[in-house]
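> can't give you the sequence, but here's the structure:
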DNA sequence: GTTTTATCTTGACAGTGTCAACATTGCATT
DNA sequence: AATGCAATGTTGACACTGTCAAGATAAAAC
């Protein structure tokens, strides 16, 4: 695992930085990430990272990109279970989404927070991974509308924005600890699912 | 407005800082706020602000507190229009909520972002203003359930978390510019309203 | 009038991201 | 194999940042 050491060239600094940074972010949060510390931990000088990432934002973008492709895979896995009834898959997707956010709060914050998106700061590489991920959300919504799970009268994009917005909002409220706490995750998910699927429980 | 100047004591540094900071945040964002610059602009030394705010986070909390009481007033104003039909008020509330977020993105980000809430960093003063604001959301939800606008079978708190989550999520997607843009705000709001009120448009 | 308290000051420290200039290495081409 | 260029890594420096400690000044309290 640790080769590095006395050679002038590190060998694979880029991935080493990326992995260390990912770990650090996951554990201690975005704000705790310091390029200088990261370089030191990798046994390399302060400015070495700049030969692999344009700036700190670019490194964060790269981390987020990994998160997106990872989540995209998970989402597809759930959605592609054609043997499971759509209602169940829908419900399962909601639980998985919120679960992912709750289990990887720092990564979620990075992926969907303003840090990397504001001021058009997103890397081209990040966009190429993230946008298909967004598009997938729309595609799923369309499918759910076709199967009658969601109201078909609404525009699919609009509908996707609202459904995803709901999941996103719940995730953020949870992560930021604003007024939802982890002990009621499942109930919240089911409540959202019921609302979407227009299942009145009374 | 600008007295300040050559007196050793500023006179009302606290409010001066608070106002300047609020303006700066609204215009250039949270990250652009520097205590040092702020002090300089107020014609005072770097560390003077520390006699009025424990640290930077406390100043941000104070700004956010202002935002909360302001929003709380707006929310109550809309909700208390008893001559307007509940459906209309509900719809109006959604539009106002998203509108407020879209018009004051930086303030919204500050109020509902992780910056001041993570690590239990919120000031007591902030909590005292923010929590009633959250509670109001629950109260409104209860009312909407009673009037049959929202499903009554669900737990009110859970329901409030989901409905607010939706608004919060849409707001964040808009603000962070993730995949919703300002030109479709109204349509998104109506889509959400329809979904909540279980009005199938087809 | 003296003492206490609130407020403001300078000095200092430990950080940060990032640029410029220079050093070393590996790869490709002659 | 020798040479030259591009990739990669290094030190030095700059301009910032938040925040603490110790001392100065003014206002308020006694």
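Received, thanks. All figures in this text were calculated on a predicted structure; none of them were measured in a lab. Residues are numbered from 1 along each chain as shown, chains lettered A, B, ... in the order given.

> contacting residues for residue A:42?
With contacts defined as CB atoms under 8 Å, 6 or more residues apart in numbering or on different chains, residue A:42 is in contact with A:4, A:10, A:13, A:16-17, A:20, A:48. For glycine as for every other residue, the C-beta is placed from the backbone atoms N, C-alpha and C.

> Can you list which of those are found in strands?
In strands, defined here by DSSP state E, there are no members of these.

> Does stretch A:173-190 reach chain B?
Yes. Under the criterion of CB under 8 Å from any CB of the partner chain, stretch A:173-190 makes contact with chain B via A:173, A:175-180, A:184, A:187-188.

> Please apply the same query to stretch A:104-111.
Yes. Stretch A:104-111 reaches chain B (CB under 8 Å from any CB) through residue A:109.

> In PyMOL, select just the buried ones from the residues of stretch A:173-190 next to chain B.
Under the burial definition 16 or more other CB atoms under 10 Å in any protein chain shown, those of these that qualify are selected in PyMOL by:
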select buried, chain A and resi 173+175+176+177+178+179+180+188
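
> List, one by one, the residues from chain A near DNA strand C.
Applying CB under 7 Å from any atom of the strand, one finds that chain A approaches DNA strand C through A:7-9, A:33-37, A:46-47, A:50, A:55-57.

> at 6 Å what do you get?
Within reach of DNA strand C by CB under 6 Å from any atom of the strand, chain A has these residues: A:8-9, A:34-37, A:46-47, A:55-56.

> And those, which of them are buried?
Of the residues of chain A next to DNA strand C, these count as buried by 16+ other CB under 10 Å: A:35, A:56.

> of the residues of chain A next to DNA strand C, closest to residue A:114?
Proximity of these to residue A:114 was ranked by CB to CB; the top entry is residue A:56 with 14.8 Å.

> got a list of what the closest one touches?
For residue A:56, the contacting residues are A:33, A:35, by CB under 8 Å, 6+ apart.

> give me that answer again for 6 Å
Listed by CB atoms under 6 Å, 6 or more residues apart in numbering or on different chains, the contact partners of residue A:56 are residue A:35.

> how much space between the residue of chain A found nearest chain B and residue B:161?
In chain A, the residue found nearest to chain B is residue A:169; the distance is 2.7 Å by CB to the nearest CB. From residue A:169 across to residue B:161, the span is 9 Å (CB to CB, to the nearest Å).

> the more surrounded of the two?
Counting neighbours by other CB atoms under 10 Å in any protein chain shown for residue A:169 and for residue B:161 shows that residue B:161 has the greater number, 29 against 26.

> Skipping adjacent residues, who's closest to that one in space?
With sequence-adjacent residues excluded and distances taken as CB to CB, 6 or more residues apart in numbering or on different chains, residue B:161 is closest to residue A:180, at 5.1 Å.

> cool, residue A:166 as well?
Taking CB to CB, 6+ apart as the measure, residue A:166 lies nearest to residue B:166, with 4.2 Å between them; neighbours along the chain are not counted.

> Now the one you found: phi and psi?
phi -60, psi -50 (degrees, to the nearest 10).

> Just list the residues touching it, thanks.
A:165-166, A:169, B:192.

> Go ahead and name everything in contact with stretch A:106-114.
Outside of stretch A:106-114, the residues that reach it under the criterion CB under 6 Å, 6+ apart are A:25-26, A:29-30, A:64, A:67, A:101, B:176.

> Please apply the same query to stretch A:27-34.
By CB under 6 Å, 6+ apart, the list of residues contacting stretch A:27-34 from outside reads A:24-25, A:106, A:110.

> which residues of chain A fall in strands?
For chain A, none of the segments meets the definition of strands by DSSP E.

> got the domain boundaries for it?
Per the record, chain A has its domains at A:1-53, A:60-196, by automatic domain parsing.

> Quick check: residues of chain A near chain B?
With CB under 6 Å from any CB of the partner chain as the criterion, chain A meets chain B at residues A:114, A:117, A:134, A:151-154, A:158, A:161-162, A:165-166, A:168-170, A:173, A:176-177, A:179-180, A:187-188, A:191-192, A:198, A:200-202.
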